[in-house]
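Participant: Below are the sequence and a predicted model; questions follow.
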Amino acid sequence: MIPILFAAPLFNDLAMRFIHALSRLPDVRLGVISQEPQEKLPPDVRQGLAAHWRVENALDPGQLAWAARSLSQQLGPPHRLLAINEQIQVPLAEVREQLGIPGTTAAVAQNFRDKAQMKAVIRAAGLPCARHRLATHAQEVWDFAGEVGFPIVVKPPAGAASQDTFRVGSPEELRALLANTPLHPGDPILLEEFITGEEYSFDTFSIHGKALWHSWTHYLPAPLEVTRHDWIQWRVVLPREDDDRLVKDIRPVALRALEVLGMDTGLSHMEWFRRADGSVAISEVGMRPPGAQITTLMSRAHAFDCATAWGRLMIFGTFDPPTRQYAAGAAFLRGYGQGRVRAVHGLDQIQQAFGPWITEAKIPQIGQEKATSYEGEGYIMVQHPETAVVEQTLLSIVQTVRVELG
């Protein structure tokens, strides 16, 4: 049996899906490190664990190393130390190096985690991405805004999933932001040129630095717009077509970016733009599986289990590229205002019109608190052989379903 350790700060839905998939792989003994007690896992997931170790802070390399050593006494020397969270990749890599566990190095993990460093590496390779600058005092911020013009994007260098990311559209908005954002050399902010255009993902399975397979999705609207307005019900579409002009334009750019950043073995998630003039630009890249239910959409569109495929790749170094059979998409349900969910309107109409194409749904529950995640209070996923049908169905869902808060 092969000892495998998986670190998950919190047992969210995505983490549980990957834990369950890893635990069911043949010849694997799975140990899990988390901040939450294992009792929070559903029984069918918990029974797959060979061991569990709880820590106070899963992002602390010292606590991760302590947990890994403790679990190795129960399971044997770990073959792999894995995680899917963006924030944990660097400390996890540090622990792998400290304990001699194979896997991505801390230097490579930092290339993906530090967004300023990432963009510097990408631009040095001559690849298109937004202009950027790290700022530690207000004058640097004003200088950058004067150079690229408004709007600009302000974010932490180690952000993830558009968290704590702001679009600053005028000098007045910038003054207000700086008034509430202390700047000093030990805590810089990342400034970026605001790119207008359609936003997409490019998700890639790689082994030993070679890209084996890719998938892509379209965000409607772009994630930054979604985070600015917490009432927008948004969509992610994974088209049936896997080789159209969009992908032909971004593929060589994306694969070269993964190469210069040092991608080794795993599933990466790139966000990129197509500008109005047709040119492409990389937004950022994560060295981990995508969120926003994209792993589920990949599974639906290609008739395989993405989490299981990732586990086999990371543990055994094998991957069987699937073929795309369907279009798939997700509509995210979000309430307007504050408070708890009081009612959900329009579900009957959606079920009657599109029931055969709905593959999964998380319906907001009465009394549920307003979500802090960009995914909102719930979602509905659909699947169909035709991309146009998926696109129209998702649009109808977000136009019909209304989550009432109060």
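Facilitator: Arrived safely, thanks for sending. Numbering: from 1, shown residues only.

Participant: shouldn't R113 be in contact with L92?
Facilitator: No - with contact defined as C-beta atoms under 8 Å, R113 does not reach L92; the gap is 10.6 Å. Every C-beta, even on glycine, is put in place using the N, C-alpha and C of the backbone.

Participant: When these two are compared, which one has more neighbours?
Facilitator: Using other C-beta atoms under 10 Å, the more surrounded residue of R113 and L92 is L92, with 27 against 24.

Participant: So the residue lying closest to D203 once chain neighbours are set aside: helix, strand or coil?
Facilitator: In space, and not counting its chain neighbours, D203 is closest to S215: 4.9 Å by C-beta to C-beta, 6 or more residues apart in numbering. Three-state call for S215 (DSSP: H, G, I helix; E, B strand; the rest coil): strand.

Participant: what's the answer for R312, then?
Facilitator: Under three-state DSSP, R312 comes out as helix.

Participant: And it, how far from Q74?
Facilitator: 24 Å (C-beta to C-beta, to the nearest Å).

Participant: Who has more neighbours out of the two?
Facilitator: Between R312 and Q74, counted using other C-beta under 10 Å, the more crowded position is R312 (19 against 13).

Participant: Now that one: closest residue in space, sequence neighbours ignored.
Facilitator: That would be T318: by C-beta to C-beta, 6+ apart, it lies 5.3 Å from R312.

Participant: Does that neighbour touch G311 like I think?
Facilitator: No - with contact defined as C-beta under 8 Å, T318 does not reach G311; the gap is 10.3 Å.

Participant: Need the distance between the two termini of stretch 77-91.
Facilitator: 19 Å (C-alpha to C-alpha, to the nearest Å).

Participant: start the count at 12, not 1, going forward
Facilitator: Fine by me, first position is 12 from now on; the one you just mentioned is stretch 88-102.

Participant: Buried residues of that stretch, list them for me.
Facilitator: When burial is assessed from 16 or more other C-beta atoms under 10 Å, stretch 88-102 yields the following buried residues: 89-102.

Participant: ok, which stretches of this protein are helices?
Facilitator: 24-34, 54-57, 72-86, 100-110, 117-124, 126-135, 149-159, 182-190, 234-239, 256-272, 305-313, 317-327, 358-365, 398-411 (DSSP state H).

Participant: For the helix or strand bottoming out on mean pLDDT in the chain, buried residues please.
Facilitator: Every helix and strand in the chain was compared by mean pLDDT, DSSP states H and E; the lowest is helix 234-239, with a mean of 86. Across helix 234-239, burial judged by 16+ other C-beta under 10 Å covers P234, L235, V237, T238.

Participant: repeat for stretch 270-289
Facilitator: In stretch 270-289, residues buried by neighbour count (16+ other C-beta under 10 Å) are 272-285.

Participant: before we move on, what about stretch 33-53?
Facilitator: Quick answer for stretch 33-53 (16+ other C-beta under 10 Å): L33, S34, L36, V39, R40, L41, G42, V43, I44, S45, Q46, L52.

Participant: Can you pick out the most distant pair from the residues you listed?
Facilitator: L36 and Q46 (24.3 Å; C-beta to C-beta).
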